[in-house]
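# no FASTA, just this:
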């Protein structure tokens, strides 16, 4: 049995803990969460894991890997501890809200050689993978233009916004990762606009709630992102890839297959409500990939370098939004004039 | 120029008259309609046709063909007059509400050798034809099970019901024709149930408003019809053909391509409201086929024999509904124990 | 902890065993399957259950309920044993292939008063339930016409057909149950046609592979079933309910949300491949309902009387197919002239 | 009768000529096209119009209006002649490929006070209008983010590209107009990227074939355009409007309603092949609007100022693409530093 620990018993930690606990060759040994309470205890009860301190986890030689799903400000430290104690690590994005820290932790983790996987679960979704593989197979011809829509069912509370690092770092990082995954070429330029159109609260917290991004690659291919903190139809996560021979699209997955036809028209069910539901199977497959990484060294679809690169794009988008001009990105741009 | 006359300036006569008048090689010379009024005059004005009596039409040697779109009780007489004066004829279904008359007129028209086409416009619809041709091409494999849904936007008024010959003869005849067209094999059995579920008025007039039919062919293939005088979503005209390799379906055509996504789901526009709108292009193509029949003797998709056979099926369905038992149909069954 | 046993480690037993084993308040104690082998052992390993004999299960006073998912010919005996030892019981359909046995077992189980639930999982499916509840809420108006399509991805092997009781008893029983569930009124007439159109092997085994059924209720409402042992698009399980105000439809659930647009058109993914995948969540909810039945006496959506009534309809359909005539069904019809 | 003349017997002139000729209160008197040939003669034959010179048209006091559908380099001159002779004018976009000429002609036409309508037919399309009116009604809440996709079925020939003024002026002008129409607010910034990804020939002619645009308004609302000279699925013309309460979308209109279901999935028909087919009804309604403008002075949905403003946006997009930076647009920006 592979023994694992999960950091964080919140929404996403809960999902990961149940998924690994259900795996026939895994024992979830520890759950680490400083917040005592019903939620953490329920999870421990359901999974048979012990509630422990981080020191116990990193000091236990039987622990093969750790899953970091705790709050963002703990990621960097836990990644470094995993590197030092040579545990395989799965870490939710982002690595840190501070870009120099991201760069530093990425370098140290890579130098350590530990197996490390980043939590870009969309790469594991059945539909996104089918699209990726169809392009990779050559059936679609080269990808030329990519369009992504990302909308949450409702804006997050102000408290969340305040510690989130802002909409780009918190949410658009997923779209940036998907653009990199599919374009598979160095990004040449980044242009972004953002505004606070839907929630005064978000504006008061200094963040935006609506944005658009344009990326180009070295060879002239293009990607667009349109994102909003509030999707009137619920969680709205779509993508369209214009390739030379085909246009590939990922549509929202309806909550049920019931269709109601009335004099006003044909009414289909709204999309799965939020990421936990929409990516239920992707989260399972992601944990299976982490276990395969530990067992066989099988390369995951996203590693810590992918986390670094997606965040570099996010930082460029923020600079673009703030300056009103496109950022010449390339392979070496980093924020704060350090290139 | 081919000179034509149209009998009937009602809803469908209006459509046919405008369609032939717009044809570059056709002159619409006469409109015959006993009902004086704005509708008839407007049509004459738009098409440049003269309002005339039937005698004028059949006595004019320049008239190459007539379009019979007048009330059902005039069809038989006009068909026979066309046969006698050797005019090509397009006739709306049904030939007559009285089956012996249908048989007699069919025999006489066939004996006369005049070009004669029946108004089963669905056969000319882009979607139905594409389905027919796909099956005919062999791409789908043999057709095994056919399911048809036919619903009107709202029940007809009692006055219409009273002279319509009943729902089977008035409306289901189209579905019977489509079943024959697609199955392309002798029908072996006919079973039908009917009820008055939606309109007391229709029941008071001695008719039904809801029905289901099952047909089988000599080789065991099957068809189902489900029909109602009222479709809550509007005009609802669908078909599904299970073939050995594919399931072919014809869906309703939405009134617009606007889709509204709300928290309640995805709302697409209702279907084209009624047959005039839904089959707008089919009616044009049907008239073009009538002109091609006159010009080149090109066989139409539906002739008077098809009208006879569809009506024979309708009569069998009525017998089945009334007796509660299946009718052994075959090639020789006719109503009233005359076989 | 509620202690349960599962009879049968085949396809559906496997699903039920995993589902109950994953329930936080359930211990799956025994698996009973006479066929030794990797499949049974794997299931025991995954669930922590012991492999046992039927006597052990019925003799164990801690066992609160049993799940009968073994071969059909064992159902009647196990149901009676459960009744005698007062275990709650979940039983897959059908109760027996022999109608007098069905009648007898139903009577005995009902007389015993044990909690008993039949395996009509469609009633627990999210989409079917949403449709049922929408009708029940009155939002749709009265249900008038029901149309169901049922097609398997590919015909079963001859060996399966030979012991299945035939297509009606094996498969159409689900559609009969759904018709009863939704119409919620005594069935007045049953008419069925069947043929062997797709598989000579099935014909050689004396069965049909294609069928259509028409039902009417006492008040004149109607239902149609069209079914085939082979669906060219895979598992095809749809339903449409014409109500006075709305047409409700259940569509197939695609395997992924990837859509490929080419010059030939818009290509969406095929349906979930088979019932295990399509009804994955329904099977979970069905087991949760069984546990709620044991824990709180909460009435299940389908009990043994529903199994009896669906089978009575199936027997009438077989009589109709064999005689070529409609069966006057009502509340008292039973096969073999016993009414 | 309103007497009209059409300039240009090419693809779009042909459509306009037939549409006005079919209008009951219009006489199409002249067709002006310097290119003699079968096409022009066929159109004259079908419409009953005489082939004439421009001088005849502008010198005929009975001519109430002219439809300019000739080649782009004739538009400005014809517009000015119409202004001088006080004919109502419908003009296809663009006014001119030279922006100062656009500005000058717009000013002169406005000063003349003649009724003048620009050919932005999308504004007259059933679906686009339904969307526009839904937003205008307030039902959707404020429009926040707009996304448009525009793709032609196949790239134009080099000869067309060379005189087209480039992809932005030739094609994207329609999307710019739609953005203005729907956003209904001053555009604040314009950013565009373009590349030649699909056709070397187009690149050799100095044009691009793929582009993306981002617009923002004064209040922070946003629009994106993604466009390509080649759509693998054919003519692909979609739009999505995120509003506060709803997401409105316009989908492509399939060529038929036939759906083919195979083991590979659900295959629907491709979109109407090109703009002539897709906007068939919109072109009719546009001509009806021109006639209503002449008859009653009813304001058209697009006038010459809309042509000027859409072209101003196009010029800004070209500047942005060429400089790699966003253009601060506002109400006064004009190309070449003339502001």
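Received the coordinates, thanks. For clarity, every value in this text was computed on a predicted model and none was experimentally measured.
# C-terminal to the longest helix belonging to chain A, which secondary structure element comes first?
Longest helix in chain A by number of residues (criterion: DSSP state H): helix A:304-323. Later in the chain than helix A:304-323, the nearest helix or strand by DSSP states H and E is strand A:327-328.
# what are the pairing partners of that next one, and which direction each?
strand A:187-195 (antiparallel) (DSSP bridges).
# in whichever helix or strand comes after the partner strand, what counts as buried?
Counting by DSSP H and E, the element after strand A:187-195 in chain order, helix or strand, is helix A:200-204. By neighbour count with 16 or more other C-beta atoms under 10 Å in any protein chain shown, helix A:200-204 contains the buried residues A:201-202. Every C-beta, even on glycine, is put in place using the N, C-alpha and C of the backbone.
# then stretch A:94-113?
For stretch A:94-113, using 16+ other C-beta under 10 Å, the buried residues are A:94-97, A:99, A:102-103, A:105-106, A:109, A:112.
# do the same with stretch A:148-164
For stretch A:148-164, by 16+ other C-beta under 10 Å, it's A:148-156, A:161, A:164.
# how about those residues in TSV, adding pLDDT, distance to chain C and secondary structure?
Below are the buried residues of stretch A:148-164 laid out as TSV (pLDDT from 0 to 100; distance: C-beta to the nearest C-beta, whole Å; DSSP: H, G, I helix; E, B strand; the rest coil):
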residue	pLDDT	distance to chain C	secondary structure
A:148	98	14	strand
A:149	97	13	strand
A:150	97	15	strand
A:151	97	16	strand
A:152	95	18	coil
A:153	94	17	coil
A:154	94	22	coil
A:155	95	25	coil
A:156	94	25	coil
A:161	94	29	helix
A:164	92	27	coil
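# after the helix or strand of chain A with the lowest mean pLDDT, next one along is what?
Of all helical and strand segments in chain A, the minimum by mean pLDDT, DSSP states H and E falls on helix A:38-47, at a mean of 86. Later in the chain than helix A:38-47, the nearest helix or strand by DSSP H and E is strand A:50-51.
# neighbouring contacts of that following strand?
By C-beta atoms under 8 Å, 6 or more residues apart in numbering or on different chains, the surrounding residues in contact with strand A:50-51 are A:29-33, A:40-41, A:44.
# just to revisit the earlier point, how far off centre is the least confident helix or strand of chain A?
25 Å (C-alpha atoms, centre = their mean, to the nearest Å).
# what does that helix contact?
A:9-10, A:13-14, A:17-18, A:21, A:28, A:31, A:33, A:49-51, C:24.
# what's the ChimeraX line that selects buried ones from the residues you listed?
Selection of the buried residues among those in ChimeraX, burial being defined by 16+ other C-beta under 10 Å:
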select /A:9,10,13,14,17,18,21,28,31,33,49
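# in a markdown table: the contacts of helix A:38-47, plus secondary structure and pLDDT.
Formatted as a markdown table, the contacts of helix A:38-47 follow (DSSP: H, G, I helix; E, B strand; the rest coil; pLDDT from 0 to 100):
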| residue | secondary structure | pLDDT |
| --- | --- | --- |
| A:9 | coil | 94 |
| A:10 | coil | 92 |
| A:13 | helix | 96 |
| A:14 | helix | 94 |
| A:17 | helix | 95 |
| A:18 | helix | 91 |
| A:21 | helix | 87 |
| A:28 | strand | 94 |
| A:31 | strand | 97 |
| A:33 | coil | 94 |
| A:49 | coil | 93 |
| A:50 | strand | 96 |
| A:51 | strand | 96 |
| C:24 | coil | 74 |
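# which of the contacts of helix A:38-47 lies closest to chain D?
Chain D lies nearest to residue A:10 out of the contacts of helix A:38-47, by C-beta to the nearest C-beta, at 29.1 Å.
# which ones are touching that closest one?
A:33, A:39, A:69-71.
# which of those are buried?
Using 16+ other C-beta under 10 Å, the buried ones in the contacts of residue A:10 are A:33, A:69-70.
# please report how far the closest residue in space to residue A:236 that isn't next to it in sequence lies from residue A:202.
Excluding the flanking residues, the one nearest residue A:236 by C-beta to C-beta, 6 or more residues apart in numbering or on different chains is residue A:151, at 4.0 Å. Separation of residue A:151 from residue A:202 (C-beta to C-beta, to the nearest Å): 14 Å.
# what does residue A:247 give?
34 Å.
# over to residue A:301?
Residue A:301 is 32 Å from residue A:202, where distance means C-beta to C-beta.
# now do residue A:296
Using C-beta to C-beta, one obtains 44 Å as the distance from residue A:296 to residue A:202.
# need the contact list for the closest residue to residue A:309 other than its chain neighbours.
Closest residue to residue A:309 apart from its sequence neighbours, by C-beta to C-beta, 6+ apart: residue A:180 at 6.0 Å. By C-beta under 8 Å, 6+ apart, the contact list for residue A:180 reads A:187, A:306, A:309-310, A:313.
# now do stretch A:180-191, average pLDDT.
For stretch A:180-191, mean pLDDT is 98.
# report the buried residues of it.
In stretch A:180-191, the ones that count as buried by 16+ other C-beta under 10 Å are A:180-183, A:187-191.
# what is the neighbour count of the residue nearest to residue A:254 when sequence neighbours are not counted?
Here the nearest residue to residue A:254 in space, its sequence neighbours aside, is residue A:269; by C-beta to C-beta, 6+ apart that works out to 4.1 Å. By other C-beta atoms under 10 Å in any protein chain shown, 22 other residues sit near residue A:269.
# got it, and residue A:29?
Residue A:29, neighbours per other C-beta under 10 Å, totals 22.
# ok, back up a step: list the buried residues for the least confident helix or strand of chain A?
A:40, A:43-44, A:46-47.
# list just the nearest of the residues you listed to residue D:207.
Nearest to residue D:207 among the buried residues of helix A:38-47: residue A:43, at 59.6 Å, using C-beta to C-beta.
# any idea how far the closest one lies from residue D:203?
Distance from residue A:43 to residue D:203, by C-beta to C-beta: 58 Å.
# how close does the closest residue to residue A:35 other than its chain neighbours sit to residue A:277?
Among residues not flanking residue A:35 along the chain, residue A:9 sits closest, at 7.4 Å (C-beta to C-beta, 6+ apart). Residue A:9 sits 19 Å away from residue A:277, going by C-beta to C-beta.
# try residue A:82
Taking C-beta to C-beta, one finds residue A:82 at 30 Å from residue A:277.
# in terms of neighbours, single out the busier of the two.
A direct count of neighbours by other C-beta under 10 Å for residue A:82 and residue A:277 places residue A:82 higher, at 26 against 13.
# residues in contact with the closest residue to the more buried one other than its chain neighbours?
Among residues not flanking residue A:82 along the chain, residue A:89 sits closest, at 4.1 Å (C-beta to C-beta, 6+ apart). Shown in contact with residue A:89 (C-beta under 8 Å, 6+ apart): A:65-68, A:78-79, A:82-83, A:109, A:114-117.
# which among the buried residues of stretch A:148-164 gets closest to chain B?
Among the buried residues of stretch A:148-164, and counting by C-beta to the nearest C-beta, the member closest to chain B is residue A:153, at 8.5 Å.
# which one of the contacts of residue A:89 sits in the busiest neighbourhood?
residue A:67 (29 neighbours).
# for that one, give me its contacts.
So residue A:67 contacts A:4-7, A:13, A:16-17, A:20, A:89-90, A:287, A:290 (C-beta under 8 Å, 6+ apart).
# so which of these are in helices?
A:13, A:16-17, A:20, A:287, A:290.
# ok, and which of those reach chain D?
Among the ones in helices among the contacts of residue A:67, no residue is within reach of chain D (C-beta under 8 Å from any C-beta of the partner chain).
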